[in-house]
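Chemist: Sequence isn't available, so here's the structure alone:
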């Protein structure tokens with residue numbers, strides 16, 4: 001990873017101090033009732049590179065939002081691999097429904113499934129998501145995802161998007177829909193290159209682009225390269241590499257439920273608390 005510090009947009013005031021252990025979370029706002037004009041915040045977990053811990057980050061942050069933060073939370077799986085649904089043991093009830101949602105033939109809310117955790121629902125992926133890019137280009141609706149997300153956010157305080165590792169019309173629409181883009185970044189040259197692509201794509205959308213928050217994922221401080229990445233970016237939050245995280249998919253549980261005292265669970269909780277404080281300041 002290039003250790004040169006990047007000049008990039010981030011959440012103002014979100015420094016390393018915000019992730020200190022033992023810091024009490026801000027009081028959770030009331031859940032947004034359906035029809036409330038003050039929609040919930042939309043958080044996209046996105047990278048153009050696969051295998052960076054994107055789904056793990058999205059699923060665990062959504063769980064913390066619902067259980068610790070007390071927010072009504074929707075986790076929308078936009079990745080055809082369906083990792084978020086698998087992690088919570090939720091599969092789509094039918095196939096090829098995603099394309100019907102984007103074509104407006106079926107309301108998105110009708111596909112939402114409970115996860116078994118209070119205040120946390122899931123909109124699962126299916127194989128038709130693979131064709132969404134072509135479908136969005138065909139219908140010519142550049143803000144279709146933003147409008148669908150806005151409708152869903154009317155009923156949830158937080159909407160977390162587990163995004164596919166693509167660079168196309170779908171990713172462009174995800175950026176338009178998001179209030180915040182979280183980019184998981186394992187310490188590696190390829191991940192750094194992918195992050196540069198994400199930054200260029202997001203900042204290229206214009207002055208109104210959402211803030212970007214890089215997160216060092218799968219961090220193993222026993223490795224010299226990982227230590228260098230941590231030293232180069234001390235203000236970036238991080239999630240450690242841990243066997244407890246790998247066990248999430250095995251047991252279909254988030255790490256906070258599976259191993260609540262683990263460093264990984266504490267890292268997810270601290271990261272969400274810091275994000276939530278900044279989202280609460282939205283004008």
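Modeler: Good, I have the coordinates. In this text the structure is predicted, and so the values were computed from the model without any measurement.

Chemist: Name whatever forms a beta bridge with the residue positioned nearest the centre of the chain.
Modeler: Closest to where the C-alpha atoms of the chain average out (CA atoms, centre = their mean) is residue 45, at 2.8 Å. Beta bridges link residue 45 to residue 162, residue 182, judged by DSSP bridges.

Chemist: okay but it is in contact with residue 57, surely?
Modeler: Yes - assessed by CB atoms under 8 Å, residue 45 is found in contact with residue 57 at 5.3 Å. Using the backbone N, CA and C atoms, a C-beta is placed for each residue, glycine as well.

Chemist: mind listing the strands for this structure?
Modeler: For the chain, the strands defined by DSSP state E occupy 41-45, 73-77, 113-114, 120-123, 158-162, 180-184, 212-219, 238-240.

Chemist: how near is residue 226 to residue 259?
Modeler: Distance, residue 226 to residue 259, using CB to CB, to the nearest Å: 21 Å.

Chemist: swap in residue 127?
Modeler: On the measure of CB to CB, residue 127 and residue 259 end up 32 Å apart.

Chemist: Comparing those two, which shows the higher neighbour count?
Modeler: residue 259 (20 against 15; other CB atoms under 10 Å).

Chemist: can you give me the helices for this structure?
Modeler: All helices of the chain, identified by DSSP state H, fall at 54-67, 83-87, 98-102, 132-139, 144-153, 169-177, 189-203, 224-232, 243-251, 255-258, 263-280.

Chemist: out of the ones you listed, nearest to residue 73?
Modeler: For these, the distance to residue 73 is smallest for helix 54-67, at 4.2 Å, taking CB to CB.

Chemist: okay, the angle between the closest one and strand 41-45?
Modeler: For helix 54-67 against strand 41-45, the angle by axes from the mean of the first three to the mean of the last three CA atoms, to 10 degrees is 150 degrees.

Chemist: can you pull the contacts of residue 151?
Modeler: 108, 109 (CB atoms under 8 Å, 6 or more residues apart in numbering).

Chemist: what do you get for residue 49?
Modeler: Contacts of residue 49 by CB under 8 Å, 6+ apart are 165, 190, 191, 194.

Chemist: try residue 181
Modeler: Here residue 181 is in contact with 44, 46, 175, 198, 202, 210, 211, 212, 213 (CB under 8 Å, 6+ apart).

Chemist: tell me the two of those that are most distant?
Modeler: Farthest pair in the contacts of residue 181 (CB to CB) is 175 and 213. Separation: 13.6 Å.

Chemist: before we move on, back to that, got the contact list for the residue nearest to the centre of the chain?
Modeler: So, once contact is read as CB under 8 Å, 6+ apart, residue 45 ends up touching 54, 55, 57, 58, 61, 160, 161, 162, 163, 182, 183, 184.
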